[in-house]
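**Student:** sequence? don't have it. structure:
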């Protein structure tokens with residue numbers, strides 16, 4: 001049996017004044033996120049403020065910052081068995097000062113949570129009759145902080161002589177400092193300067209497209225109880241792509257030099273089952289950047305002669321696409337065959353107008369094929385009607401008598 005949820009403070013107050021679930025003031029409503037018919041059977045524990053009324057309310061933090069009620073119109077927090085909501089006069093905000101040792105907020109909210117880059121400190125608010133003022137509000141504190149962050153960004157950019165890229169910049173809210181890193185994978189995903197000048201290096205970014213290619217070598221010892229038991233099986237998959245789509249060759253060159261560890265991690269994760277459970281040895285070979293995959297046929301032949309199985313990722317993908325296309329075509333042909341059989345048996349015009357069979361017939365067959373099937377059906381019906389009937393003596397009982 002579900003434990004009964006306690007009424008929130010607003011609901012307790014209204015019930016004490018004589019209001020009920022069928023009779024309540026217009027500035028509240030019954031919470032719609034309920035699981036039963038009882039008043040307490042919803043997420044907030046009874047009544048909640050309407051959005052219109054909540055937007056007119058003003059709340060205040062322990063340090064005196066004013067907060068608009070509309071800020072709490074979507075979602076709420078439950079922590080330590082308490083609903084931190086306007087209806088309990090304790091909604092929370094993220095402390096804009098990020099002050100950990102503050103004794104002005106509810107001690108239940110505890111200390112900071114998060115990582116070293118951005119810690120989250122919750123602060124509870126209470127309703128106030130004080131009129132809202134932007135100069136005393138949390139919004140002004142946030143706006144001022146954003147202006148300061150921008151000023152520090154510009155100062156950092158000036159210090160490094162404009163060698164700065166927004167996508168590689170990280171701001172530490174705890175220390176109040178900007179830090180720049182460089183990751184070609186970020187460039188591959190976000191760069192907007194293809195064909196232009198890199199904001200970080202001030203070097204041209206080529207319009208020529210390419211990719212990062214690498215080979216994956218796997219080896220294991222056969223343990224299948226056959227004549228080949230104990231034999232080492234070696235295979236190399238060549239031309240594996242790092243990026244799904246082509247990127248600027250300038251970015252690919254940097255990725256091939258700087259992202260080798262990332263590629264090794266990708267391969268280890270892909271073959272983790274084989275490595276840890278089956279004892280495979282997996283290695284990444286020949287990481288390079290190219291506009292298109294190059295193949296060394298002589299080397300491939302030498303490897304094959306050495307007993308190494310050679311495959312190319314592009315060939316494998318092409319074969320998979322062709323097989324998938326072939327399977328889809330076979331499924332489609334089977335569906336068309338079934339649909340044509342149904343039309344020959346029941347007739348196209350006897351199909352329900354909005355049925356899937358009628359829709360598919362219009363889409364797949366077309367008017368000419370439908371008309372052809374209708375003509376075949378009519379001929380078969382006429383042939384069945386005109387076909388001679390084999391009669392039996394038992395059809396004439398008077399003759400037998």
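**Tutor:** Now that the structure is in, tell me what you want to look at. Fair warning: this is a prediction, and the values are worked out from it, not measured in the lab.
**Student:** please enumerate the strands of the stretch 251-400 of the chain.
**Tutor:** Using DSSP state E, counting those that start in this stretch, the strands assigned to the stretch 251-400 of the chain run over residues 281-290, 309-312.
**Student:** what's around residue 278, how many residues?
**Tutor:** By the measure other Cβ atoms under 10 Å, the count of residues near residue 278 is 11. (Glycine included, C-beta is placed from N, CA and C.)
**Student:** what's the closest non-adjacent residue to it?
**Tutor:** Nearest residue to residue 278, sequence neighbours excluded (Cβ to Cβ, 6 or more residues apart in numbering): residue 220, at 6.3 Å.
**Student:** contact partners for the one you found?
**Tutor:** 232-233, 274, 278-281 (Cβ atoms under 8 Å, 6 or more residues apart in numbering).
**Student:** now residue 307
**Tutor:** So residue 307 contacts residue 234 (Cβ under 8 Å, 6+ apart).
**Student:** now the helices for the stretch 201-350 of the chain?
**Tutor:** 249-258, 260-270, 272-277, 297-305, 313-346 (DSSP state H, counting those that start in this stretch).
**Student:** quick check: bridge partners of residue 82?
**Tutor:** Legend: beta-bridge partners of residue 82 under DSSP bridges are residue 79.
**Student:** isn't it right up against residue 91?
**Tutor:** No: using Cβ atoms under 8 Å, residue 82 is not in contact with residue 91, being 11.5 Å away.
**Student:** which one of these two is surrounded by more residues?
**Tutor:** Per other Cβ under 10 Å, whichever of residue 82 and residue 91 has more neighbours is residue 91, with 24 against 15.
**Student:** from residue 329, how far off is that one?
**Tutor:** According to Cβ to Cβ, to the nearest Å, residue 91 and residue 329 sit 59 Å apart.
**Student:** same check on residue 257?
**Tutor:** From residue 257 to residue 329 the distance is 44 Å (Cβ to Cβ).
**Student:** before we move on, what about residue 5?
**Tutor:** 57 Å.
**Student:** with neighbour numbers in mind, choose between those two.
**Tutor:** Higher neighbour count among residue 5 and residue 329: residue 5, with 18 against 10, using other Cβ under 10 Å.
**Student:** enumerate every residue touching that one.
**Tutor:** Residues near residue 5 by Cβ under 8 Å, 6+ apart: 40-42, 45.
**Student:** keep only those of those residues that are in helices.
**Tutor:** Among those, DSSP state H puts none in helices.
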